[in-house]
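Chemist: fold the following, please.
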Amino acid sequence: MSTHEAGAAFSEKAFYLQEFRGRTLLFAVPSRDLGDASGGLAAVLDELTAHAARCVVIASDAAGLEKLVGSTPLEGGDPGLPGEVWRRLRQRPRVGVVCGDAPLGASVREVAVRLGATKLVILDPAGGWVRPDGSQASFVGLEELGRSAGPRQGLVEDVRALLEAGVPAVNLCSQAGLADELFTYAGSGTLFTRERYVTVRRLGLDDFDAAADLVARGVEEGYLAPRTPEEVDSVLASGFGAFVEGVHLAGIGALVAHAGGRTGEIGSLYTLTRFLGEGVGAHLVAFAMEEAARRGLERVFACTTSERVVAFFERNGFERVASDALPAEKWAAYDRARRARLLCLARAVG
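Modeler: Have a look, this model is predicted:
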């Protein structure tokens, strides 16, 4: 059984649907996105509510809202709105709220804050945010928003106001990309968070499905060497992951000891494309070096076939070395053709 076959049973959508189970998601929607009952928004709401998530849709079109959620929408300016929404959600899994300046404006922000939203999804035909330098932004923290500028500055200021008011996470995407944004690793838009934080920790049993899937992706894309099921098990047992928003597994790695415990190898280092350039890889390497110091290792090495990955490791203090400079046990039963293409790097611990 290959790593691809081992990971084939894992579903990204199922993973995220489980994460959203029991949570309430808010959607700020342009009225024109309410028109097509079979559109992306309606389909996503069906998926979420079928898996025990609750949805509050905010829009300015009362008739469109009623058709989408199946009940008379509540008024955003109602002083008793939080209690009304709570009671309505106990009866049905989706509720509409009418706000005159939807999809985003002062009254929408006020509703999101009053309802104590933990995630607000803003639908915008233009999709996710593009930074002033032209790069697509997949993950942005409040600090970066303070330096932003550009043609969508008004929207960015609204998002910043939401984060500063206490909403932990805001997603910005188009309706067409909504399912990809919520249910896939790659996403389609931009995730804004109050703190641009990435936490790295050892993988636990509940992380193994997602981590094994990332290993399979890395193998398929040629970044990681093919692994037997036993080797995948070893990676998971010694692995660590970088998590965004405490939920999104943005990257993985493992630290394997060699040569009598004096040398360690960073293996299976893989970062999702969505989070490339967001510092996730550097967090993973830093965690590996700290772990190496805790174990009393003297040196850590890594191998790759990618010049881009070599440049990444060099930026993180590694230097190129010959493959013969690495522990002999590394090459036992190793594919000779792949070894000939490998680029090796090492860094002293401490």
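Chemist: quick check: longest helix of the protein.
Modeler: When every helix of the chain is counted residue by residue (DSSP state H), the longest turns out to be helix 280-295.
Chemist: now do the SS call for Gly166.
Modeler: coil (DSSP: H, G, I helix; E, B strand; the rest coil).
Chemist: Ala117 versus that one, what's the distance?
Modeler: Gly166 is 9 Å from Ala117, where distance means C-beta to C-beta, to the nearest Å. Just so you know, the C-beta spots here come from the backbone N, C-alpha and C atoms, and that holds for glycine as well.
Chemist: re the thing from before, now for the longest helix of the chain, which elements pack on it?
Modeler: Under the contact criterion of 3 or more C-beta pairs under 8 Å, 6 or more residues apart in numbering; DSSP states H and E, helix 280-295 touches strand 198-202, strand 239-244, strand 248-258, strand 263-271, strand 299-304, helix 307-315.
Chemist: quick one: buried residues of it?
Modeler: Of all the residues in helix 280-295, those buried under the rule 16 or more other C-beta atoms under 10 Å are Val280, Gly281, His283, Leu284, Val285, Phe287, Ala288, Met289, Glu291, Ala292.
Chemist: before we move on, what about stretch 153-168?
Modeler: In terms of neighbour count (16+ other C-beta under 10 Å), stretch 153-168 has its buried residues at Leu155, Val156, Asp158, Val159, Arg160, Leu162, Leu163, Val167, Pro168.
Chemist: tell me which residue lies nearest the centroid of this protein.
Modeler: Nearest to the mean C-alpha position of the chain, by C-alpha atoms, centre = their mean, lies His248 at 3.8 Å.
Chemist: beta partners of it?
Modeler: Beta-bridge pairing of His248, defined through DSSP bridges, involves Val244.
Chemist: what's the distance between it and Leu163?
Modeler: According to C-beta to C-beta, His248 stands 17 Å off from Leu163.
Chemist: what do you get for Val113?
Modeler: For Val113, the distance to Leu163 - C-beta to C-beta - is 11 Å.
Chemist: so what pLDDT did the residue nearest to the centre of the chain get?
Modeler: Reported pLDDT at His248 in the predicted model: 76.
Chemist: what ranges do the helices span in the stretch 101-250 of the chain?
Modeler: Taking DSSP state H, counting those that start in this stretch as the criterion, the stretch 101-250 of the chain carries its helices at 106-114, 142-145, 153-164, 178-183, 208-220, 229-237.
Chemist: got a list of contacts for the first one?
Modeler: This points to helix 106-114. Outside helix 106-114, the residues within contact range by C-beta atoms under 8 Å, 6 or more residues apart in numbering are 26, 28, 58, 76-77, 81-82, 97, 99-102, 120, 158, 161-162, 165-167.
Chemist: ok, the shortest one next?
Modeler: When contacts are taken as C-beta under 8 Å, 6+ apart, the neighbours of helix 142-145 outside the stretch itself are Val156, Val159, Arg160, Leu163, Glu164, Phe192, Thr193, Arg194, Glu195, Arg196.
Chemist: what sits closest to the third one if chain neighbours are left out?
Modeler: So that's Arg160. Among residues not flanking Arg160 along the chain, Leu145 sits closest, at 4.5 Å (C-beta to C-beta, 6 or more residues apart in numbering).
Chemist: hmm, back to that, right, and the helices and strands packed on helix 280-295 - which one's nearest Arg336?
Modeler: Evaluated over the helices and strands packed on helix 280-295, closeness to Arg336 peaks at strand 299-304, with 13.9 Å, by C-beta to C-beta.
Chemist: return the closest one as PDB; C-alpha atoms alone will do.
Modeler: Backbone C-alpha positions of strand 299-304 (Å, rounded to 0.1, in the frame of the first residue of the first chain) are rendered in PDB as follows:
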ATOM      1  CA  ARG A 299      24.200  18.700  14.400                       C
ATOM      2  CA  VAL A 300      21.000  18.600  12.300                       C
ATOM      3  CA  PHE A 301      20.900  18.000   8.500                       C
ATOM      4  CA  ALA A 302      18.300  18.000   5.700                       C
ATOM      5  CA  CYS A 303      18.200  16.700   2.200                       C
ATOM      6  CA  THR A 304      16.200  17.800  -0.800                       C
END
